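K.L.:
A predicted structure for the sequence below; I have some questions about it.
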Amino acid sequence: MADPAELNALRAVLTDPAASFLQVQKAVSGLEKADGTLTERTIGVASNVQVDRLALYLRRHALVAGVRLKVVMGGYDALLPDFLAFGQNCVDYILAIPFFDNLQPAFEAQLSAGIDPVTVDQVGRNLAEQYRVALSSCPDVPQVLVAGMHRAEPMVQVIGQDAVAGALDAFRAALKGVVDEFSNASLVDFQAFAANVGLRALIDRRFYAQAKAPYSIAMLDEIGRGIMAATRGYGRYFYKVLALDCDNTLWGGVIGEDLLDGIKLSPFEYPGSVFWRAQQELLALEQAGAVLCLCTKNNPADVEEVLANHPDMPIRAENLTICKINWDDKSSNLRAISAELNVGLDSIVFLDDSTYELEGVRSQVPSVRTVQVPTNLTDYPQVIEQIKALFLSGGVSAESQAKSQQYKQKLSAENTRAQFSSQEEYLASLDLRIHIARNSERDQLRISELSQKSNQFNTTTRRYTPGEVAAAMTSAERCVYSVVVEDKFGSAGLTAVIVMDYSSDAADVEAFLMSCRVIGRGVEEAIWSTIAVDAAARGHLKIRGRYIRTAKNVLVERIFDRLGFEIEAEDEAAQRRSYLSTVDRLKDQKSPWIKVTCVG
């Protein structure tokens, strides 16, 4: 067993921004060999320049996220062969880097010298078509990241836009248009990486001239960090909730001692301006879909007064989904937030200024990600940027933007439940409606995302890439059902998926998964009438369901029993069970308080 002190020393090197290339190389090699807890992932890298040294920095930041990353480097300027090889090798990720200045020899210099516009247009169209063909060749790779291009030479023209900037904007827009055609692909803002490093520092002129290897160590490291964030730690995390302390976190000072007029919070005066800016950033996170909660030791009336009456308070009560304002230990409050939202503790980020409180959380609920407000307040914006990266770097879908409101709707429904004498009476009051879509192409990305995140209500825990979802939808022998749930409080969004396979004698339930937000309303029963009618129309008399036990899906261990299926076979050693039901029995499986509509 590896020495914990040795492992911590190696990790410290990886997080040290001043570590040299050789120090990083030694630490990466040592940690990959010694740490037996790492998750395995593979990434393929394709580029029209030499980026071999990038492998080390991709591995560096993957290790910080707890991942042993195998990096498969492609050939020089061999986009399609690289993509084909990556697909055959079943990589988890592809990173493609089109380097703008090398699309043609010294392309930026040619543009500045007045190259024929027809030639420029042809280069741009060729680039777009190359990427369209390459991306078409790997629909089963879970995530393909394409670098948005940037300039290599500083702009000398300081008034107006020079020829390089104009062409770069056009090429980048065309490339984005191609990437947007593929549900498993996304554009990564390398221009932002370049800005973070500084344009004069990102290119190593000697290596670019001699070996077509343009990137400096600083830029390679920034790319490694950025790709780790864009992949959400190579699939290691998916944060949904940001829990916030109040005193010296949302404002300066202690509300119980300094009172409303004494706390530091102002758009104009330091240090209150630092807290005001931080709140603006956190408010933007809430608008993008993060669920904001309070977890603070305070008198409720004091905090409520700030939320309601402080003139410079950006975050108000309506922006907060749950408020745990009491004198209980924060670990207990975080567990309560997790339970009330029905999310895992590993979905929560907790921000506090107190080392004592944060250490308590780390020791009692270690799966919560903790972040500390810095002692030096001028560093606070950088800490907020780190938090934003945890939530935003992996992308924000329209479905994600609605998350905060959906959780509030769920909690409103829970509060309403107490007014009724029975569960059935309560459910009937909700005006529940479900919309079942068959093979909805526009939902491919959300279906894939739900399959990746759903653990508790997931009968087989099969994960689907967007490409696999698309393949199932276009197959004559399969059908993908996606379910949107609405009630009088609003829409819960796409919250359930069933994938059916009709290639055998009985129609097989390949996947059955739901968001925990809608469990217990009868949705899990109401959808089966539609499934059964469709199976009968295809000539099937029976439907087969399967349950494969995992550490997290005990919730659905008896879901097929409850639906009226009968056990067909059981393998306790493999923790598997298969079921059969007649189609006619499932046709009558309905929830009378739910209105069902179908499309597709």
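P.N.:
Structure received. Just so we're clear, the structure is a prediction, and the values are computed from it rather than from any experiment.
K.L.:
Distance check, the closest residue to residue 297 other than its chain neighbours against residue 258.
P.N.:
Counting by C-beta to C-beta, 6 or more residues apart in numbering, residue 327 is the residue found nearest to residue 297 once chain neighbours are left out, at 5.4 Å. Any C-beta I mention is one placed from the backbone N, CA and C, and that applies to glycine too. Note on residue 327: its distance to residue 258, by C-beta to C-beta, to the nearest Å, is 18 Å.
K.L.:
which one of these two has more residues nearby?
P.N.:
A direct count of neighbours by other C-beta atoms under 10 Å for residue 327 and residue 258 places residue 258 higher, at 14 against 8.
K.L.:
Helices of the stretch 451-600 of the chain, start to end?
P.N.:
466-474, 523-526, 528-537, 559-562, 583-587 (DSSP state H, counting those that start in this stretch).
K.L.:
Which residues outside the longest helix seen in the chain are in contact with it?
P.N.:
Counting residues, the longest helix in the chain under DSSP state H turns out to be helix 117-136. Around helix 117-136, the neighbours that count as contacts under C-beta atoms under 8 Å, 6 or more residues apart in numbering are 46, 79-80, 82-83, 96, 98, 103-104, 107, 111, 144, 146, 167, 170-171, 174-175, 177-179, 181-182, 185.
K.L.:
Going through these, which ones are buried?
P.N.:
When burial is judged by neighbour count using 16 or more other C-beta atoms under 10 Å, the buried members of the contacts of helix 117-136 are 46, 79, 82-83, 96, 98, 103, 107, 111, 144, 146, 167, 171, 174-175, 178-179, 182, 185.
K.L.:
Restricted to strands, list those.
P.N.:
Within these, membership in strands is found for 46, 96, 144, 146, 185, as judged by DSSP state E.
K.L.:
Is residue 309 in contact with residue 261, as I believe?
P.N.:
No. Taking contact to mean C-beta atoms under 8 Å, the distance of 10.3 Å between residue 309 and residue 261 leaves them out of contact.
K.L.:
May I see the buried residues of the longest strand out of those in the chain?
P.N.:
Within the chain, and with DSSP E defining each element, the longest strand by residue count is strand 490-501. By neighbour count, with 16+ other C-beta under 10 Å as the criterion, the buried positions of strand 490-501 are 491, 492, 493, 494, 495, 496, 497, 498, 499, 500, 501.
K.L.:
CSV for the residues you listed, including distance to residue 247 and pLDDT?
P.N.:
CSV is the format used below for these (distance: C-beta to C-beta, whole Å; pLDDT from 0 to 100):
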residue, distance to residue 247, pLDDT
491, 37, 83
492, 35, 81
493, 35, 86
494, 39, 92
495, 37, 89
496, 41, 93
497, 43, 96
498, 48, 97
499, 49, 97
500, 54, 97
501, 56, 97
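K.L.:
what stretches of the stretch 301-450 of the chain score poorly on pLDDT?
P.N.:
Confidence mapping of the stretch 301-450 of the chain against pLDDT under 70 gives the ranges 394-423, 426.
K.L.:
oh sorry, the question was meant for the stretch 51-200 of the chain
P.N.:
For the stretch 51-200 of the chain, the stretches with pLDDT under 70 are 158-160.
K.L.:
Could you report the neighbour count for residue 163?
P.N.:
Counted by other C-beta under 10 Å, the residues lying close to residue 163 total 17.
K.L.:
just the strands in the stretch 151-300 of the chain please.
P.N.:
Remark: strands of the stretch 151-300 of the chain, listed N- to C-terminal, are 185-188, 241-244, 291-297; assignment by DSSP state E, counting those that start in this stretch.
K.L.:
Of the ones you listed, which is nearest residue 232?
P.N.:
Smallest distance to residue 232 across the strands of the stretch 151-300 of the chain (C-beta to C-beta): 12.1 Å, for strand 185-188.
K.L.:
Show me what the closest one is packed up against.
P.N.:
With contacts defined as 3 or more C-beta pairs under 8 Å, 6 or more residues apart in numbering; DSSP states H and E, the packing partners of strand 185-188 are strand 143-147, helix 163-179, helix 217-230.
K.L.:
go again using 7 Å as the cut-off
P.N.:
Secondary-structure packing of strand 185-188 (3 or more C-beta pairs under 7 Å, 6 or more residues apart in numbering; DSSP states H and E): strand 143-147, helix 163-179.
K.L.:
so what strands line up beside it?
P.N.:
The partner list of strand 185-188 in its sheet, established with DSSP bridges, is strand 143-147 (parallel).
K.L.:
Centre of the chain to the partner strand, how far?
P.N.:
Averaging C-alpha coordinates over strand 143-147 and over its chain gives two centres that are 14 Å apart (C-alpha atoms, centre = their mean, to the nearest Å).
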